[in-house]
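> pasting the sequence and the predicted coordinates here, then a few questions.
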Amino acid sequence: LHFTMFLAHRVNALLQNRAHLFLTQTTRRAFVASKNLSQGSNQWDASTSQDRPAWSEEWKKLNLGATLHNGSFPSNLFFVQLGFGVDQHGDRTNATKAAIRALRNSIEFNSIPGVIEHIPGGRKEMLIHVKLGIPKQATVDVMEVAKVFPYGRLLPIETTVGGLEFATGRVVEELGDQDDIGVCVVACVSIGYDKPEDKDNASHKTFNTKDGH
């Protein structure tokens, strides 16, 4: 009996250690991905690039959801959209909710039917570049942000210091507030495409009105 109890205890301890190791490795992979993307990398982290993120139920029901795509800023711009989002409650070091709201603000009031004719492959092949301005001490869960887009090829998300923190004048402890600081995030969503002949170009095309464009 004592030996059986001892063996059960050892097996349980082993399983707990393996579970802890798995969670630690998973957390580390997520941290590495966030760190790389914050530096403006043109590659999704290897632990996330093989599979699409767990899409929102909204897009899953419609069999929609952008795919992750390694690459740099599109060489041919088609549409540029700006938006901002605010989160007044909870942990101000986590700007994910504000970032999602900023992206929705930038894309939900636009219609771009010209994508079908002007971007090779249409909406499924259009490249999406996201740049987020977030407060200095804040972080963003980029895989949650990726769920916003119903289609397209989503490039690695870039973050930079921006947005702002502001005083709301209210503390709602039930919503996780420890102070009255809210967070604002600014988003820029650029849609475009690449041509084979543009692969050696260091930057995207620009057009000057002085040239008649």
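Structure received.
> ramachandran coordinates for the residue lying closest to S56 once chain neighbours are set aside?
Spatial nearest neighbour of S56, excluding adjacent residues (Cβ to Cβ, 6 or more residues apart in numbering): K147 at 4.5 Å. Just so you know, the C-beta spots here come from the backbone N, C-alpha and C atoms, and that holds for glycine as well. Here is the backbone geometry of K147 (degrees, to the nearest 10): phi -70, psi -20.
> and for K147, the neighbour number?
Counted with other Cβ atoms under 10 Å, residues neighbouring K147 total 21.
> measure N105 to N76 for me?
N105 sits 25 Å away from N76, going by Cβ to Cβ, to the nearest Å.
> break down this protein into its strands, ranges please.
67-68, 76-87, 127-134, 153-154, 158-161, 164-167, 181-193 (DSSP state E).
> those strands: which one's closest to N208?
strand 76-87 (14.1 Å; Cβ to Cβ).
> buried sites along that closest one?
Neighbour-count burial for strand 76-87 flags N76, L77, F78, F79, Q81, G83, F84, G85, V86, D87 (criterion: 16 or more other Cβ atoms under 10 Å).
> what of stretch 157-172?
In stretch 157-172, counting by 16+ other Cβ under 10 Å, buried: I157, E158, T159, G162, G163.
> got the residues you listed as TSV, with pLDDT and distance to Y193 columns?
Shown next, in TSV, are these (pLDDT from 0 to 100; distance: Cβ to Cβ, whole Å):
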residue	pLDDT	distance to Y193
I157	94	18
E158	94	18
T159	94	23
G162	94	27
G163	94	29
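> got those residues as TSV, with distance to E173 columns?
As requested, the buried residues of stretch 157-172 are exported to TSV (distance: Cβ to Cβ, whole Å):
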residue	distance to E173
I157	32
E158	35
T159	29
G162	29
G163	24
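> so which of the residues you listed is the closest to H69?
Among the buried residues of stretch 157-172, and counting by Cβ to Cβ, the member closest to H69 is I157, at 11.6 Å.
> hmm, that closest one is touching K147, no?
No: counting by Cβ atoms under 8 Å, I157 stays clear of K147, with 11.9 Å between them.
> hmm, R123 and I116 touching each other?
Yes: in this structure, I116 is within contact of R123 by Cβ under 8 Å, at 7.0 Å.
> these two - which one has more neighbours?
Shown here are I116 and R123; by other Cβ under 10 Å, R123 has more neighbours (16 against 11).
> excluding its backbone neighbours, what's nearest the spatially most central residue of the chain?
Nearest to the geometric centre of the chain sits V142, at 3.0 Å (Cα atoms, centre = their mean). In this structure, V142 finds its nearest non-sequential neighbour in I157, 4.6 Å apart by Cβ to Cβ, 6+ apart.
> quick one: contacts for that neighbour?
Shown in contact with I157 (Cβ atoms under 8 Å, 6 or more residues apart in numbering): L37, V130, K131, L132, V140, V142, V145, A146.
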